[in-house]
Structures are given as C-alpha cells and as structure tokens.
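> Got a sequence here, can you model it:
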Amino acid sequence: MLNTIDIFNYQTIPQLTIELNMGLVIISGESGSGKSVFIQSILWCLGYDGDTQHNDAQVSLSFNLDDTHPVKQWLETNELNSDDCIITRKKLASKRSRF
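Numbers count the residues shown, from 1 in each chain. I've put the predicted structure just below:
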C-alpha cells in the first residue's frame with residue numbers, strides 16, 4: 001500500500017508531502033489546481049517519461065508491504081531492509097534522472 005508521497009520542485013508543486021490512509025482516496029479540486037500534475041509526479045517517479053522543468057525535482061513514494069508481498073520477499077532474499085520500500089527519482093543537472 002502506498003503510504004507517503006513526497007514531492008519537491010516537480011512542475012508547479014514546490015513542496016508537498018501527503019500521508020495516505022487505508023481505504024479509498026479521492027483527489028478533487030477546481031480546474032487548474034494541480035490534480036493532473038500530482039498524478040504525473042507519481043507516474044514520473046515510477047519511470048514514465050515527462051519533463052519536470054526543474055533540474056532538482058525529486059519525488060519519493062513510500063510503500064508499506066505486508067509479509068506475503070513478493071517485493072518484501074525479494075528484499076529479504078537480497079539482504080535488504082524490508083521494513084520500508086521507498087522509490088525515489090531525482091532529476092540531475094545533466095537532465096538525466098536517478099532512481
């Protein structure tokens with residue numbers, strides 16, 4: 001389950017941290033309020049292409065994995081910390097990005 005979304009300098013979002021609870025999450029707002037940019041930031045963090053406009057953009061997604069999740073098993077097999085699963089993507093000054 002996705003727990004936390006941290007966005008820094010992505011498109012029109014200077015900084016935002018959202019903690020999600022279990023259950024249904026609804027994102028609503030007026031036109032132009034940034035709903036699409038918010039969703040694009042999540043997709044960008046997961047590897048989709050997109051121009052972030054800022055050289056220091058960074059998006060992190062934190063997941064809570066239950067004991068039966070295959071990713072948790074993979075992390076443990078490879079002797080990595082399986083308590084938290086965090087995916088971070090940062091845009092570098094070279095216009096490339098690092099995960």
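
> residue ranges of the strands in this structure, please?
2-10, 13-19, 58-63, 85-91, 97-98 (DSSP state E).

> and the third one with strand 2-10, angle?
This points to strand 58-63. Counting by axes from the mean of the first three to the mean of the last three CA atoms, to 10 degrees, strand 58-63 lies at 180 degrees to strand 2-10.

> on that earlier part again, mind checking the strands of the chain for the one nearest to residue 47?
When those are compared by CB to CB, strand 85-91 sits nearest residue 47, at 7.6 Å. Glycine gets a C-beta too; all of them are placed from N, C-alpha and C.

> quick one, what contacts residue 86?
Listed by CB atoms under 8 Å, 6 or more residues apart in numbering, the contact partners of residue 86 are 60, 61, 62, 63.

> Just the buried residues from the residues you listed, in PyMOL please.
This is how PyMOL selects the buried members of those, with burial counted by 16 or more other CB atoms under 10 Å:
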select buried, resi 60+61+62
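
> and which of the contacts of residue 86 is nearest to residue 88?
Closest to residue 88, out of all of these and judged by CB to CB, is residue 60, at 4.2 Å.
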